[in-house]
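S.K.: Could you work out the structure for the sequence below:
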Amino acid sequence: MRIDAPPRRLAILGGGYIAAELAEVFAEAGSSVTIVEKEERLLGPQDETVRERFTDLVRSRYDLRLGRELTGVGGRPGALRLSLDDGSTIDADTMLAAVGRAPNSDRLNVEAAGIATHDDGRVRVDRHQRTTAEGVLALGDICSPVPLKHVANREAKVVAHNLRHPDDLIAADHDLVPAAVFTQPQIASVGATEQDCRDRGLDYGVGLAGYGDVAYGWAMEDTTGFCKVLADPGTGRLLGAHLMGAEASTLIQPLVLAATLGIDATTLAESPYWIHPALTEVVENALLDLGL
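M.R.: Got it, this is the predicted structure:
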């Protein structure tokens, strides 16, 4: 992010949310973007419907090399040639590696202070953010299983409280952390994906509604946005929710509240009023589509 000008040709390694967001940034700044991803769809951890529809949506914007891996980089700075495992090549001015992150605890020699780490390098903390060293607490990406800014903010509040009140400790909960991908369109999610539900052998129902099926989305001429909810058909308990479309990061909040507070899908759909013709009607319609 400290380059003087956007590259004319940018090659991005990786297809996760960082790759997707920075592809958006550089494409809007005028770069021609090529994405190399070993999976057949972008946004691997997202729900399968989101992955499929988002990948199809951006095919016209970027040169997607899916199911491919990098085997070599040649050329010189400003004139790179990337070689892929299918024998093809990519010419690029700049290469952006977005294939994951790891904590830098290996550089900090934390063991010398009696601070233990996980196998992946994260500092070990208990539910109160306390490390294995007396009086030392940790927060954020160095220790968190969910490396997101709003999670670090919550952990910071926990640490601040526990430092001041050692006899009245509080904890951070990481069970239902919502997340968003700030691309065009936005993507937001909370809880389990449909593939998670299948893998765990859960009994689940699916509710799906398109932005274009509600008045606001129709007025926007939105033909791609949608809301998908997953719920236990017996209890109506929300298992997961996934949106792709305008203001997805805002629209998901009622579903985050319901999942966190234990409000079942039928109660959420039928008890409160949903403003017409607000875009939140797409959430209401997805809940009603569960058919509980």
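S.K.: Look up how far K157 lies from the residue of the chain most remote from its centre.
M.R.: In the chain, D167 marks the outermost C-alpha relative to the chain mean, sitting 35.6 Å out by Cα atoms, centre = their mean. D167 sits at a distance of 18 Å from K157 (criterion: Cβ to Cβ, to the nearest Å). In short, each C-beta sits where N, CA and C put it, glycine included.
S.K.: And the pLDDT for I3?
M.R.: In this model, I3 is scored at 89, pLDDT.
S.K.: quick one: contacts for it?
M.R.: T94 (Cβ atoms under 8 Å, 6 or more residues apart in numbering).
S.K.: what's the closest non-adjacent residue to A102?
M.R.: Leaving aside its chain neighbours, A102 sits nearest to G121 (5.4 Å; criterion: Cβ to Cβ, 6 or more residues apart in numbering).
S.K.: My read is that the one you found contacts V110, right?
M.R.: No. Counting by Cβ atoms under 8 Å, G121 does not reach V110; the two are 9.9 Å apart.
S.K.: Comparing those two, which shows the higher neighbour count?
M.R.: Per other Cβ atoms under 10 Å, whichever of G121 and V110 has more neighbours is V110, with 22 against 15.
S.K.: and the longest helix for the chain?
M.R.: Counting residues, the longest helix in the chain under DSSP state H turns out to be helix 149-164.
S.K.: For it, report the contacting residues that lie outside it.
M.R.: If you take Cβ under 8 Å, 6+ apart as the criterion, helix 149-164 is touched by 128-130, 137-141, 144, 168-172, 174, 177.
S.K.: List buried residues within those.
M.R.: With burial judged by 16 or more other Cβ atoms under 10 Å, the buried subset of those is Q129, R130, L137, A138, L139, G140, D141, S144, A172, V177.
S.K.: Same list (those) but as JSON lines, adding distance to L84 and pLDDT.
M.R.: Output for the buried ones among the contacts of helix 149-164, formatted as JSON lines (distance: Cβ to Cβ, whole Å; pLDDT from 0 to 100):
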{"residue": "Q129", "distance to L84": "43", "pLDDT": "98"}
{"residue": "R130", "distance to L84": "46", "pLDDT": "97"}
{"residue": "L137", "distance to L84": "45", "pLDDT": "97"}
{"residue": "A138", "distance to L84": "39", "pLDDT": "96"}
{"residue": "L139", "distance to L84": "39", "pLDDT": "97"}
{"residue": "G140", "distance to L84": "35", "pLDDT": "95"}
{"residue": "D141", "distance to L84": "31", "pLDDT": "92"}
{"residue": "S144", "distance to L84": "34", "pLDDT": "93"}
{"residue": "A172", "distance to L84": "41", "pLDDT": "92"}
{"residue": "V177", "distance to L84": "35", "pLDDT": "97"}
